[in-house]
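Asks: Kindly generate the corresponding structure for this input.
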Amino acid sequence: MAKMNKDFLRAWEAMKEKYGEDFEYLNGLAESQLNHNDFLDNFTKANTTADVSVDSSANVKNRDITTLRGEISKPDEKLMAFHKIFLELKQEFGLRIAKKWMELEWSKALYMHDFSTSTLLPYCFAYDLTKMATDGLFWLTTENMNIEPPKHLETFVDFVKEFISYASNKSSGACGLPNLIPYMYYFWKNDIANKSYPRNKTPEKFAKSEIQRLIYAINQPYCRDGIQSAFVNTSIFDGYYFDALFGGSVFPDGELMIDHKDGIMKFQKWFLEEMKAIKDRGNMFTFPVNTISLLRKNNKFADEEFARWVCEHNRKWMDSNYFIDDTVTSLSNCCRLKSDITELYFNSIGGTALKVGSVKVNTLNLARIALEAKNEKEYLSILSDRAIIALHALHIVRNILKKNVARNLLPNFQDGLMDFEHLYNTLGVNGIYETLKHFGYTYVDELGDTYYTPEAFEFGRNIFETLHNVITEYQKDKDYKINIEQVPGESAAVKFKQSNELLFNVNYELSLLGNQWIPLGIKTTLQERIKICSIFDSYCDGGSICHICLDTEVSDKNTAWELLNYVADKGVKYFAFTGKISQCKHNHLFYGKTCPTCGDPAEATFARIVGFYTKTAAWSKDRKSEFEHRIWENNSTIGFCTDVV
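Replies: Numbering: from 1, shown residues only. This is a model prediction of the structure:
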């Protein structure tokens, strides 16, 4: 072991003695995880990489020597990060705070996401592609080559692939590309005008072949760290959002994007059509995670034609999320971060660039506090104190990353791709359902459906008011902003649940704490789920997504339209219809147990583990258990909600 600070070693040994071997393993720092020979043995015996990784992700689908090389070093990197954050906390806030943070993190009252890279890389970012469109591969400044701008769509797509690889390997989270499609359209239209495209293709087929080429490329399982696909987010905008976001943007030739609005809107539809067509051909893909932003006023979609079109498109494979608001000054881009467009970056040529992201996420185990507190008042007091510790840790991580930039270790900052001005510190929450149930604020009716009492909503509001007050006070003397997110918690929700059960001798219903305002495995009506999500969304002010699980394609376009309107009218801002998609041995995709094309049984299932579709066979055993308990809606239950069926 490398030489470490004596205060850290004493605190670490104290944690091991107090909490025992189970918590060493939960933290990924047990001897069997730090010892490379033991890790190798466990890796070769595991059914999936997710079952042995100290920070599992279902996006890591392969289990081979490259994956082993990526996973075997994570415990060492995490120990290094633990040591670094502890020392920096001690230096800035004192030894007491450093030790308090360490115990909260060790006991899983807090969870630093992507801990192994927390002192190395930032989390996620939505990038502006303007500089690449005008200058080319500008970040390759150390190469002996003349950098030139792309001139054709094919070249631009190749550049985007290189960009995604570059950006993804210098961050640990999502790579958002909100203005990808306008620039794809720009190079496509120039190729068409100059007849610089394959003569055996129509202009539309040429565009779709390049869209397909990009989607296939970003789903190759080696783009990030050589072991997984790049987590790529894309965006589709209705006419009103387009005007607000790109009304002042200029293409490289000096033409305004707004003057090509009709063409770009058509290109957006082609992008969605090709996403669907790929799945129609039996090819399931994970990325991009696509979000459709729609303006809704007075219970009507402002751009109704476009809203109806995307609703029908999304009916079969449910491949896009919806972001719906009554103002175009907000949107969801990098993961679930809700941003105010009026505060976003404006580049030197006047176009709006959606540069926004997160330094790192540190999540509160809300259910833990419920087990510790005697009443609501004590709960809120502990919550306040714990949130401050979490914010201290995020502050330290931010400062460490700034030092990395100063040492020229993160060239993506020098290149202007990212900047700290537009990186939030993110405070995560997990376990709201378990908290409310603990206080007796849920009940089950005679049909077995769970409901929240009025006290649940009141206490929920108090929880988030407390967090917002802490954040407001904390950031008064800071040069950055802080947001709250209900985290998906692919690993965190599992470890929170396990740690709570170990320490407090409780038994939860599911294999993980709720990462929805009411967990997907808790039986309730669709109406109640949507009501709960709407109310808690308003408390959280962004930073959450509601998953509505459907085990079948919505029966017809009118039902799909009524369902979309119902969810929007109830005030849910960001949501996804999540399908349970089957695949037979011939790679046909369908819903149900038997393939309607060939008659063979389903051999694989795909669903959203958190925000993206993956094969459930690649999930960890705890996530597989959670999937088995999910409650799936169907056309009958949708009918109760929409009064259509």
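
Asks: going forward, measure contacts and count neighbours with C-alpha atoms only.
Replies: Will do.

Asks: quick one: what helix or strand has Arg296 in it?
Replies: Using DSSP states H and E, Arg296 sits in strand 289-297.

Asks: Just the C-alpha atoms of that strand, please, in PDB.
Replies: Included here for strand 289-297 are C-alpha records, laid out as PDB according to Å, rounded to 0.1, in the frame of the first residue of the first chain:
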ATOM      1  CA  VAL A 289     -30.700   8.400 -24.500                       C
ATOM      2  CA  ASN A 290     -33.000  10.800 -26.400                       C
ATOM      3  CA  THR A 291     -35.200  13.400 -24.900                       C
ATOM      4  CA  ILE A 292     -38.100  15.200 -26.700                       C
ATOM      5  CA  SER A 293     -38.800  18.700 -25.300                       C
ATOM      6  CA  LEU A 294     -42.300  20.000 -25.800                       C
ATOM      7  CA  LEU A 295     -43.900  23.300 -24.800                       C
ATOM      8  CA  ARG A 296     -47.400  23.000 -23.200                       C
ATOM      9  CA  LYS A 297     -49.700  25.900 -22.400                       C
END
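
Asks: What residues sit buried inside stretch 508-517?
Replies: Using 16 or more other CA atoms under 10 Å as the burial criterion, the residues of stretch 508-517 that qualify are Leu510, Ser511, Leu512, Leu513, Gly514, Asn515, Gln516, Trp517.

Asks: what do you get for stretch 180-198?
Replies: Neighbour counts using 16+ other CA under 10 Å place 180-189, 191-192, 197 of stretch 180-198 among the buried residues.

Asks: Return the closest of those residues with respect to Ile463.
Replies: Using CA to CA, Leu180 comes nearest to Ile463 of those, at 38.0 Å.

Asks: My read is that that closest one contacts Asn233, right?
Replies: No. Using CA atoms under 8 Å, Leu180 makes no contact with Asn233, being 10.0 Å away.

Asks: Contact partners for the residue nearest to Gly136 when sequence neighbours are not counted?
Replies: The spatially closest residue to Gly136, leaving aside those adjacent along the chain, is Pro149, at 3.9 Å (CA to CA, 6 or more residues apart in numbering). Pro149 is in contact with Met132, Ala133, Thr134, Asp135, Gly136, Leu137, counting by CA atoms under 8 Å, 6 or more residues apart in numbering.

Asks: top of those by neighbour count?
Replies: Most neighbours among the contacts of Pro149, by other CA atoms under 10 Å: Ala133, with 24 neighbours.

Asks: which ones are touching that one?
Replies: Ala133 makes contact with Pro149, Pro150, Phe156, Tyr183, Pro252, according to CA under 8 Å, 6+ apart.

Asks: Report the secondary structure element holding it.
Replies: Assessed by DSSP H and E, Ala133 sits inside helix 130-135.

Asks: Mind checking the pLDDT average for that helix?
Replies: In this model, helix 130-135 has a mean pLDDT of 94.

Asks: tell me what the helix or strand that that helix is followed by is packed against?
Replies: Elements were assigned by DSSP H and E; along the chain past helix 130-135, the next helix or strand is helix 153-168. Applying 3 or more CA pairs under 8 Å, 6 or more residues apart in numbering; DSSP states H and E, one finds that helix 153-168 contacts strand 175-177, helix 180-193, helix 203-218.

Asks: so the longest one versus helix 180-193, what angle?
Replies: Using axes from the mean of the first three to the mean of the last three CA atoms, to 10 degrees, the direction of helix 203-218 lies 140 degrees away from that of helix 180-193.

Asks: which of the residues in helix 203-218 are buried?
Replies: Applying 16+ other CA under 10 Å to helix 203-218 flags Pro203, Phe206, Ala207, Lys208, Glu210, Ile211, Gln212, Leu214, Ile215, Tyr216, Ala217, Ile218 as buried.

Asks: Which neighbouring elements make contact with that helix?
Replies: Helices and strands touching helix 203-218, as assessed by 3+ CA pairs under 8 Å, 6+ apart, comprise helix 153-168, helix 261-280.

Asks: for the shortest one, same thing?
Replies: Using 3+ CA pairs under 8 Å, 6+ apart as the contact criterion, the neighbours of strand 175-177 among helices and strands are strand 124-126, helix 153-168, strand 232-237.

Asks: Sheet-wise, list the partners of the shortest one with their directions.
Replies: Looking back up the chat, that one is strand 124-126. Strand 124-126 pairs in its sheet with strand 175-177 (parallel), strand 356-365 (antiparallel), by DSSP bridges.

Asks: what distance separates the last one from the middle of the whole chain?
Replies: Relative to its parent chain, strand 356-365 has a centroid offset of 11 Å by CA atoms, centre = their mean, to the nearest Å.

Asks: The helix or strand following that strand packs against which elements?
Replies: The helix or strand immediately downstream of strand 356-365 is helix 366-372, counting by DSSP H and E. When contacts are defined as 3+ CA pairs under 8 Å, 6+ apart, helix 366-372 packs onto helix 376-406, strand 423-430, helix 432-438, helix 492-504.
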